[in-house]
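Q: Starting from these lines, generate the structure:
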Amino acid sequence: MAEFRSRDPSQPDFWDERFAAGFTPWEAREAPRALVRWLDAGGLPSGARVLVPGCGSAQEVALLAARGVEALAIDYAQAAVDRARAALGPAHASRVQRADFFAFDAEPFDVIVERAFLAALPPRLWPAWAMRCARLLKPGGELAGLFYVDDAAAEPRRGPPFAITGAELRGLLAADFELAVDEPVPAAESAPVFAGRERWQQWRRRG
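A: A predicted model of the protein is given here:
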């Protein structure tokens with residue numbers, strides 16, 4: 001196993017080291033099939049503005065762009081941004097920007113796509129994540145994606161990835177969101193580190 005100097009996942013250096021070394025076991029090889037199914041079912045109208053925070057390799061960007069969606073992916077690790085831009089090529093590289101989700105500001109989006117970003121954050125940052133999601137979404141907008149939910153998660157919580165219990169997730173989002181869809185993700189569709197403990201959820205921002 002690779003040796004890394006940075007041990008704090010709240011800092012960009014932690015992620016820069018791992019992306020630079022190619023140590024990214026949390027990443028699947030393709031965009032989530034659950035996201036594809038949602039798009040196939042008409043979950044996003046053409047022209048919708050979508051934010052993908054903590055994007056890593058930003059595998060969702062090309063898929064979203066092909067559906068006529070205005071996608072923006074952000075990550076605060078430069079190595080992740082460089083990797084995503086190289087993989088996407090000139091057609092979509094400009095859709096990936098280096099930015100800190102907790103300081104990033106923009107006109108509210110129609111959708112925030114979640115995929116392993118919450119699981120990358122130490123639990124002390126979860127309340128700030130929930131508030132920021134609410135701030136960055138339009139009323140009626142959706143926080144949609146894959147959530148790493150484990151109701152048997154042990155204490156102290158270790159990670160990344162950091163599992164969240166269903167009760168914790170509901171507690172974080174209840175003030176500003178209502179849960180519209182909650183479905184288990186087949187283990188075969190997840191990266192091994194998440195297998196059997198991911199859920200596709202859609203949380204609708206209250207008006």
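Q: Quick check: what element follows whichever strand or helix holds D110 along the chain?
A: Per DSSP states H and E: D110 is located in strand 109-115. The C-terminal neighbour of strand 109-115 among helices and strands, as given by DSSP H and E, is helix 117-120.
Q: List the buried residues of the helix or strand where A65 lies.
A: Using DSSP H and E, A65 sits within helix 59-66. Neighbour-count burial for helix 59-66 flags Q59, E60, V61, A62, L63, L64, A65 (criterion: 16 or more other CB atoms under 10 Å). Just so you know, the C-beta spots here come from the backbone N, C-alpha and C atoms, and that holds for glycine as well.
Q: Now for the third one: which residues touch it?
A: Taking CB atoms under 8 Å, 6 or more residues apart in numbering as the definition of contact, the neighbours of V61 are V52, C55, A71, A73, A84, L88, H92, R95, V96.
Q: next helix or strand past the helix or strand hosting the third one?
A: Same thing as A71. Using DSSP H and E, A71 sits in strand 70-75. Sequence order places helix 78-88 as the next helix or strand after strand 70-75, per DSSP H and E.
Q: Hey, what's the angle from that following helix to strand 70-75? Just curious.
A: 140 degrees (axes from the mean of the first three to the mean of the last three CA atoms, to 10 degrees).
Q: going on from helix 78-88, what's the next piece of helix or strand?
A: That would be, after helix 78-88 and using DSSP H and E, strand 96-98.
Q: circling back: switch the contacts of V61 over to JSON lines; also include distance to L44.
A: Below are the contacts of V61 laid out as JSON lines (distance: CB to CB, whole Å):
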{"residue": "V52", "distance to L44": "12"}
{"residue": "C55", "distance to L44": "17"}
{"residue": "A71", "distance to L44": "10"}
{"residue": "A73", "distance to L44": "15"}
{"residue": "A84", "distance to L44": "20"}
{"residue": "L88", "distance to L44": "19"}
{"residue": "H92", "distance to L44": "17"}
{"residue": "R95", "distance to L44": "15"}
{"residue": "V96", "distance to L44": "19"}
